[in-house]
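> coordinates only, sequence not included:
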């Protein structure tokens, strides 16, 4: 998919989420099931491994495991245990330390930065359906209604606020400084604000309710879903697929049979049908070959808007 000029700077990973993290070292792929230590460059578990521990954040990723992955893997002879987390730091450390076999919760820029910062020997395995950040109607119901002094609520955590700024930049409502890192953009990086957009920073969980008080609201997909909103109601979503989330495994496990089997489960026709019904409006894995045309169209439209 073609990306806008702004996203061509995206290749450099930066802090994706503003969360304090303690240090953690890779354990070289310890095998909890057998208690044995794998040699470097070899799978941390044998081909006969049948007990798998998956770590996700609470919500949609955990639901995917409970609704589809556990029964699908059971048919293959596996016993899958789900561990749900409420933060974005512990899942990667738990994976490296051997408490998990695989986690599902993060996009690749975050994974790349986190494993570099903490010197973890973990890697991405496959993508999963992901709720995108979107701009939703508030007091105004169409993007064309934006006017001088329009108000836009946005998440106040640095990572998601940066994503919100990128979206406003894509729409042409603001202009960010040339060369700014899209993962760390802040108000200080706004070069121009031709419409005098008033950005109201709020806790992410408050954004759905804020729509009654602002013209537009930038809402995280998970909070939109949990508040009863439909992702398809978004007036604009992130055109980039860079934030589609990935699973992660220890690097030594990447070619293991169990990883191949769980990858197959997440990309099966049964799982796709489930995702299309349960998670309408999500961005789907690139390997599915869906949404790419829509994403390119959205990027073209946003680029044209930004050029006005």
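Ah, there it is. Keep in mind it's a predicted model, so treat the numbers as computed, not measured.

> the strand or helix carrying residue 104 pairs with which strands, parallel or anti?
Counting by DSSP states H and E, the element that carries residue 104 is strand 102-107. Note on strand 102-107: by DSSP bridges, its sheet partners are strand 51-57 (parallel), strand 245-250 (antiparallel).

> next SSE after the shortest one?
The first helix or strand that comes after strand 245-250 along the chain, using DSSP H and E, is helix 257-266.

> what packs against the next helix or strand after that next one?
Per DSSP H and E, the first helix or strand lying C-terminal to helix 257-266 is helix 269-278. Helix 269-278 sits against helix 60-64, with contacts defined as 3 or more C-beta pairs under 8 Å, 6 or more residues apart in numbering; DSSP states H and E. Any C-beta I mention is one placed from the backbone N, CA and C, and that applies to glycine too.

> need the strands for the stretch 1-150 of the chain, in chain order.
Applying DSSP state E, counting those that start in this stretch to the stretch 1-150 of the chain gives strands spanning 51-57, 79-85, 102-107, 122-127, 134-137.

> and the second one, what does it pack onto?
What that stands for is strand 79-85. strand 51-57, helix 70-75, helix 90-96.

> ok so, going back, out of the strands paired with strand 102-107, which is the most enclosed?
Among the strands paired with strand 102-107, strand 245-250 has the highest mean neighbour count (mean count of other C-beta atoms under 10 Å), at a mean of 25.

> average pLDDT across that one?
Per-residue pLDDT values over strand 245-250 give a mean of 97.

> cool, and stretch 69-78?
The average pLDDT for stretch 69-78 rounds to 98.

> now the helices and strands packed on strand 79-85 in JSON lines, with distance to residue 125?
Shown next, in JSON lines, are the helices and strands packed on strand 79-85 (distance: least, C-beta to C-beta, whole Å):
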{"stretch": "strand 51-57", "distance to residue 125": "11"}
{"stretch": "helix 70-75", "distance to residue 125": "14"}
{"stretch": "helix 90-96", "distance to residue 125": "11"}
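
> wait, which of those is closest to residue 241?
strand 51-57 (19.7 Å; C-beta to C-beta).

> between strand 79-85 and the closest one, find me the angle.
20 degrees (axes from the mean of the first three to the mean of the last three C-alpha atoms, to 10 degrees).

> contacting residues around strand 51-57?
32-33, 62, 64-65, 69, 73, 78-86, 88, 91, 94-95, 99-105, 258, 262 (C-beta atoms under 8 Å, 6 or more residues apart in numbering).

> one more pass at 6 Å, please.
Strand 51-57 is contacted by residues 33, 62, 65, 78-85, 91, 94, 100-105 when judged by C-beta atoms under 6 Å, 6 or more residues apart in numbering.

> quick check: PyMOL command selecting the buried ones in the residues you listed.
Buried residues within the contacts of strand 51-57, by 16 or more other C-beta atoms under 10 Å, are selected in PyMOL with:
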select buried, resi 33+62+65+78+80+82+83+84+85+91+94+100+101+102+103+104+105
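
> save the strands paired with strand 102-107 as JSON lines, and put in distance to residue 280 too.
Output for the strands paired with strand 102-107, formatted as JSON lines (distance: least, C-beta to C-beta, whole Å):
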{"stretch": "strand 51-57", "distance to residue 280": "20"}
{"stretch": "strand 245-250", "distance to residue 280": "17"}
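
> so which of those gets nearest residue 274?
For residue 274, the closest of the strands paired with strand 102-107 is strand 51-57, at 15.7 Å, according to C-beta to C-beta.

> on that earlier part again, ok now the strand holding residue 104, how far from the chain's centre?
8 Å (C-alpha atoms, centre = their mean, to the nearest Å).

> quick one, it and strand 122-127 angle?
Computed with the same axes, to 10 degrees, the direction of strand 102-107 lies at 80 degrees from that of strand 122-127.

> give me the residues contacting strand 102-107.
Strand 102-107 is contacted from outside by 54-57, 61, 91, 95, 128, 243, 245, 247-249, using C-beta under 6 Å, 6+ apart.

> same check on stretch 137-144?
Here stretch 137-144 makes contact (C-beta under 6 Å, 6+ apart) with 211, 214, 215, 216, 217, 235.

> what do you get if the cut-off is 7 Å, keeping everything else the same?
With contacts defined as C-beta atoms under 7 Å, 6 or more residues apart in numbering, stretch 137-144 is touched by 146, 150, 171, 211, 214, 215, 216, 217, 235, 236.
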